[in-house]
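Colleague: For reference, the sequence and a predicted model appear below.
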Protein chains: 2
Amino acid sequence: MEVLEAIRTRRSIRHYKPDPVPEEDINAILEAARWAPSWRNNQCWRFIIVKDKERKALLASTLPSWNRAQSAIKEAPVVIVACAELGKSGFHEGKVATNKGEWWYMFDVALAMQNLTLAAHSLGLGTVHIGAFDAQKVAQLLAVPQGVAVVEMALLGYPAEIGKTPSRKELSELVFFENYGQR
Amino acid sequence: MEVLEAIRTRRSIRHYKPDPVPEEDINAILEAARWAPSWRNNQCWRFIIVKDKERKALLASTLPSWNRAQSAIKEAPVVIVACAELGKSGFHEGKVATNKGEWWYMFDVALAMQNLTLAAHSLGLGTVHIGAFDAQKVAQLLAVPQGVAVVEMALLGYPAEIGKTPSRKELSELVFFENYGQR
């Protein structure tokens, strides 16, 4: 699938078929994540592949009640829990280098995860990002050690719905020239 | 260009030809950014397009001496300064919803910027992410108001070099199964 078409037609998928995802497809999308750029090529991203039913139910229990994705976690055949090794992204010679502190790991993991979701879509697979959950509980459940942050969960599987297209702001609202606010 | 090929062949470009970038290509890659997903579709991203020579030199002056991208900023015909409206990403009913606080804006802006760099590459254009600079100085230079964070600069132009391929960790180092550390 062409890049621009993939970007334009990717949707967040919240209903999945039970069909398993072929191992080679899981590998291909993790490969795509691996080739993202990162702060000084630190590659802080780590991925936990969860397929076990009981574990997925436990992951779902870490979501707040207002998060619509609880049942989707149990439906999706694969949950990819994206983590980050701390103390790498955003640092220079052991010190934080910008006013974003250590939070560049959020940026780097997202670069990798956008590669992952586009690669998945190009292979006919659906994904959705889940950010609102109790990350400390997930860290406990999946034995994530100190010094590693749980960032997000991405669900992966064959779509059982046509994803909705939430509206987007027009470029004229988002883009300025030479100065902020200048159109 | 195919998605997986674009992901695999994209490189960070630090030398640019002086040739201007056609307006329709700039629009196409901003369109790609606009279609990224974001926390509850908040679309906090904002983009400032800087082409003015003196402004680019001022932007370059906000980099620390160890950042290799100073001359690249002056070379590239276009600098895209990515910003984020604060208080949207990571929030639910006006309160931060996770242990990442307000820093989900780093995640959302990165999703958009990865779309942008892949779209650029598919059109034969080079990019590089620059995160290490004095964001407060840039905010002053470009009249970025309170409540908006300057996140990163992405350079855009026709590559005047073949980008290097920094090594990547093997998937076996990055991917675990069911538990962190379990291979």
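Modeller: That came through, no problem.

Colleague: near chain B at all, the longest strand along chain A?
Modeller: Looking across chain A with DSSP state E, the single longest strand is strand A:148-157. Yes: with Cβ under 8 Å from any Cβ of the partner chain as the measure, strand A:148-157 is seen reaching chain B through A:148, A:151-152. (C-beta placed from N, C-alpha, C; glycine too.)

Colleague: how close does A:R68 sit to A:G126?
Modeller: 15 Å (Cβ to Cβ, to the nearest Å).

Colleague: These two: which is more packed in?
Modeller: Neighbour count, other Cβ atoms under 10 Å in any protein chain shown: between A:R68 and A:G126, A:G126 has more, with 25 against 13.

Colleague: For A:L156, name its beta-bridge partners.
Modeller: For A:L156, the beta-bridge partners are A:V78, A:T127 (DSSP bridges).

Colleague: which residues touch it?
Modeller: By Cβ atoms under 8 Å, 6 or more residues apart in numbering or on different chains, the contact list for A:L156 reads A:21, A:26, A:29, A:76-80, A:120, A:125-127.

Colleague: want to throw these into a markdown table with pLDDT and distance to A:A160?
Modeller: As requested, the contacts of A:L156 are exported to a markdown table (pLDDT from 0 to 100; distance: Cβ to Cβ, whole Å):
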| residue | pLDDT | distance to A:A160 |
| --- | --- | --- |
| A:V21 | 98 | 13 |
| A:I26 | 98 | 19 |
| A:I29 | 98 | 19 |
| A:A76 | 98 | 10 |
| A:P77 | 98 | 11 |
| A:V78 | 98 | 14 |
| A:V79 | 98 | 16 |
| A:I80 | 98 | 18 |
| A:A120 | 98 | 15 |
| A:L125 | 98 | 12 |
| A:G126 | 98 | 8 |
| A:T127 | 98 | 13 |
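
Colleague: Most neighbours of all those residues, which one?
Modeller: Counting neighbours by other Cβ under 10 Å, A:A76 comes out on top of those with 30 neighbours.

Colleague: quick one, phi psi at that residue?
Modeller: phi -70, psi 130 (degrees, to the nearest 10).

Colleague: looking at it, it is touching A:Y16, isn't it?
Modeller: Yes: with contact defined as Cβ atoms under 8 Å, A:A76 reaches A:Y16; the gap is 4.5 Å.

Colleague: Pull up the overlap in contacts between these two.
Modeller: Common neighbours of A:A76 and A:Y16 (Cβ under 8 Å, 6+ apart) are A:155, A:157.

Colleague: wait, does stretch A:57-75 contact chain B?
Modeller: Yes: if you take Cβ under 8 Å from any Cβ as the test, stretch A:57-75 does meet chain B, through A:64, A:66.

Colleague: next helix or strand past the host helix or strand of A:I26?
Modeller: In this assignment (DSSP states H and E), A:I26 forms part of helix A:23-34. Next along the chain after helix A:23-34, taking DSSP H and E as the criterion, comes strand A:45-50.

Colleague: helices and strands around the helix or strand following that next one, which ones?
Modeller: Stepping forward along the backbone from strand A:45-50, the first helix or strand reached (DSSP H and E) is helix A:53-60. Other helices and strands packing on helix A:53-60, by 3 or more Cβ pairs under 8 Å, 6 or more residues apart in numbering or on different chains; DSSP states H and E, are helix A:70-75, strand A:78-85, helix A:135-141.

Colleague: Highest mean neighbour count across those, which stretch is it?
Modeller: strand A:78-85 (a mean of 23; mean count of other Cβ atoms under 10 Å in any protein chain shown).

Colleague: quick check: angle from it to strand A:45-50?
Modeller: Angle between the axes of strand A:78-85 and strand A:45-50 is 150 degrees (criterion: axes from the mean of the first three to the mean of the last three Cα atoms, to 10 degrees).

Colleague: Just the residues contacting strand A:78-85, thanks.
Modeller: Under Cβ under 8 Å, 6+ apart, the answer for strand A:78-85 is A:21, A:26, A:44-51, A:56, A:59, A:73, A:105-106, A:108-109, A:112-113, A:116, A:138, A:142, A:144, A:147-157, B:180.

Colleague: Let me know the angle separating it from helix A:23-34.
Modeller: Using the same axes, to 10 degrees: strand A:78-85 against helix A:23-34 is 30 degrees.
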